[in-house]
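*Asks:* Sequence below, structure please.
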Amino acid sequence: MIPPNAFPPKTIVITYPGAEEKVRKQYLYQVYLSGEEHDRISLIPGNRLVVKFKDEVVGEGQAMLVEKTTIEKLSKYDAMSAGYETSETQKTHLLATVLKGAKKPEKTEFWKVLFRWM
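*Replies:* Here you go, the predicted model:
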């Protein structure tokens, strides 16, 4: 069996403006992907990641946790590990980006990805 980190790295782009400082300092970091984005890159735990902040490559990481979630299940810890000031800021940003265009955004599932720096 081929291990998941043997394939070329997948690219994750962080767009939240307040996350730039935290993404460079935290050992573990969390991002969110829409269902379509997750299906496009076929991300699984163990995949290597090229982490970008907007257009700039910040570094390389490895996916540790890849799971489906909803906006109702997110906690204050999720907001902190994703670089948001508050959980309300997190929800507002997710509604405007990841869940944009969803008919019922509160019930729509999206992907939570926790990764560590390599």
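
*Asks:* how about the strands in this protein?
*Replies:* Per DSSP state E, the chain carries strands over the ranges 10-14, 28-33, 48-53, 56-69, 110-117.

*Asks:* Using JSON lines, please lay out those strands together with mean neighbour count.
*Replies:* For the C-beta atoms, the positions are set from N, CA and C on the backbone; glycine is no exception. Below are those laid out as JSON lines (neighbours: other CB atoms under 10 Å):
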{"stretch": "strand 10-14", "mean neighbour count": "17"}
{"stretch": "strand 28-33", "mean neighbour count": "21"}
{"stretch": "strand 48-53", "mean neighbour count": "19"}
{"stretch": "strand 56-69", "mean neighbour count": "15"}
{"stretch": "strand 110-117", "mean neighbour count": "19"}
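
*Asks:* could you dump those strands to TSV with mean pLDDT?
*Replies:* Shown next, in TSV, are the strands of the chain (pLDDT from 0 to 100):
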stretch	mean pLDDT
strand 10-14	90
strand 28-33	89
strand 48-53	90
strand 56-69	92
strand 110-117	92
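
*Asks:* need those strands in JSON lines with distance to residue 41, can you?
*Replies:* JSON lines is the format used below for these (distance: least, CB to CB, whole Å):
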{"stretch": "strand 10-14", "distance to residue 41": "5"}
{"stretch": "strand 28-33", "distance to residue 41": "8"}
{"stretch": "strand 48-53", "distance to residue 41": "9"}
{"stretch": "strand 56-69", "distance to residue 41": "10"}
{"stretch": "strand 110-117", "distance to residue 41": "10"}
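
*Asks:* what residue is smack in the middle of this protein?
*Replies:* With distances taken as CA atoms, centre = their mean, the residue of the chain nearest its centroid is residue 31 (1.6 Å).

*Asks:* ok, and the closest non-adjacent residue to it?
*Replies:* Leaving aside its chain neighbours, residue 31 sits nearest to residue 113 (5.1 Å; criterion: CB to CB, 6 or more residues apart in numbering).
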